[in-house]
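A.B. asks: Sequence and predicted model, in that order:
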Amino acid sequence: MTNPSFKPLRGLRLLSLALNLPGPAALMRCRQMGARCVKLEPPSGDPMSQYNPSAYAHMHEGVRLLTADLKTEAGQKLLHRELAKADVLITSFRPSANEKLGLGWKKLHRLYPSLSQLAIVGGPGERAEEPGHDLTYLADMGLVPGLELPATLYADMGGSLMVSEAVLQATLNQRLKGWGVFMQLALSEAAAYLALPRQWGLTQPAGSVGGAHAGYRVYPCKNGRVAVAALEPHFAAALCAAAGVGASDARAMFAPATRQAIADFLLTQTRGQLDQLAKAKDIPLYTMA
């Protein structure tokens, strides 16, 4: 958060039943915005606490954790005790599972009119019942071009931001109109949103930020790699001047000869030299081992 003292959700009571990554990550964001967060976990716990305890601890710092078996009478009693105090409920079960656990929207809205429910699902509509994970949602959107796994869990983390945004929307609605809303948030739609630059052609191989522009690429250097992001004309001109390339207009930056000349220059430079060059000539680049 850029301003840790700004707490737009101060006083909001948030109850989460969501496990693994998207729900807890959203809970973390909401807590940072001032929400009072409670999470009900099954007796077996959140799987994240088993396969990555440090990530689990990070996301649940400051969260009040309770245990409840929602398939039992005692678990349901605890659930409804917390629902009666909550402003927003976050779930991550399939719609059919929500119904079996008594968490269908019609019932909840009748019992708790001011409560909002944010249901995290894999796909929208009928696809909400389909199994899936971050990787399958990204693959469906063309974001897994090769055999390597993506560098991070884009759909899950993007989905968590959608959820925290929905918390703000639901809170605004409740404060303006006095009643809760139901919102279904699909991780596949988070992946679709992240995929828009690729669909627009920006990150395709022929796109300006897909590798065609000589000033926006990853190049090898003498002792590592360098991510160059000299896209704007003045940055491109500075890069070309350093590399001894004569022309740096828009057309020249897409020419194979320009790309080769810049590649040849960077291959002669160490990471240290390029770090100094970036600072001296105001060129946006980042060196990597």
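C.D. replies: Yep, that arrived. In this text the structure is predicted, and so the values were computed from the model without any measurement.
A.B. asks: Any stretches of this protein with poor pLDDT?
C.D. replies: 1-2 (pLDDT under 70).
A.B. asks: Endpoints of stretch 239-249, how far apart?
C.D. replies: End-to-end span of stretch 239-249 (CA to CA, to the nearest Å): 12 Å.
A.B. asks: helices and strands around whatever helix or strand Ala170 lives in, which ones?
C.D. replies: Element membership for Ala170, per DSSP states H and E: helix 154-177. For helix 154-177, the packing partners by 3 or more CB pairs under 8 Å, 6 or more residues apart in numbering; DSSP states H and E come out as helix 22-32, strand 88-91, strand 116-121, helix 134-140, strand 182-186, helix 187-194. Backbone N, C-alpha and C define where each C-beta goes, glycine included.
A.B. asks: List the strands paired with the helix or strand following the longest one, with their directions.
C.D. replies: Remark: after helix 22-32, the chain's next helix or strand is strand 36-41, criterion DSSP H and E. Strand 36-41 has these partner strands in its sheet, going by DSSP bridges: strand 13-16 (parallel), strand 64-67 (parallel).
A.B. asks: how about the ones you listed, which one is nearest Asp282?
C.D. replies: Proximity to Asp282 (CB to CB) singles out strand 13-16 among the strands paired with strand 36-41, at 43.8 Å.
A.B. asks: Pick the most buried one from the strands paired with strand 36-41.
C.D. replies: Per-stretch averages of neighbours, counted by mean count of other CB atoms under 10 Å, single out strand 13-16 among the strands paired with strand 36-41, with a mean of 22.
A.B. asks: can you pull up the bridge partners for the nearest residue to Asp275 once chain neighbours are set aside?
C.D. replies: Nearest residue to Asp275, sequence neighbours excluded (CB to CB, 6 or more residues apart in numbering): Thr287, at 5.8 Å. Applying DSSP bridges to Thr287 gives these bridge partners: Val226.
A.B. asks: returning to that earlier point: between the strands paired with strand 36-41, which one is nearest to Arg217?
C.D. replies: Of the strands paired with strand 36-41, the one closest to Arg217 (CB to CB) turns out to be strand 13-16, at 41.6 Å.
A.B. asks: Make sure Ser114 is actually in contact with Arg175.
C.D. replies: No - here Ser114 lies out of contact with Arg175, judged by CB atoms under 8 Å, at a distance of 10.1 Å.
A.B. asks: right, and Pro124 touches Ala186 too?
C.D. replies: Yes - contact status for Pro124 versus Ala186: in contact at 4.3 Å, counting by CB under 8 Å.
A.B. asks: more crowded one of those two?
C.D. replies: Counted by other CB atoms under 10 Å, Pro124 and Ala186 do not tie: Ala186 has more neighbours, with 22 against 14.
A.B. asks: thinking the more buried one is in contact with Arg127, fair?
C.D. replies: Yes - between Ala186 and Arg127 there is a contact at 7.4 Å, judged by CB under 8 Å.
A.B. asks: Show me the common contact partners of the two, please.
C.D. replies: Shared contacts of Ala186 and Arg127 (CB atoms under 8 Å, 6 or more residues apart in numbering): Val121.
A.B. asks: looking at the strands paired with strand 36-41, which is closest to Trp179?
C.D. replies: Among those, strand 13-16 comes nearest to Trp179, with 15.9 Å by CB to CB.
A.B. asks: which other residues reach that closest one?
C.D. replies: Residues outside strand 13-16 that contact it (CB under 8 Å, 6+ apart) are 23-24, 26-27, 30, 35-40, 82-83, 85-91, 167.
A.B. asks: Fine by me, we can end here.
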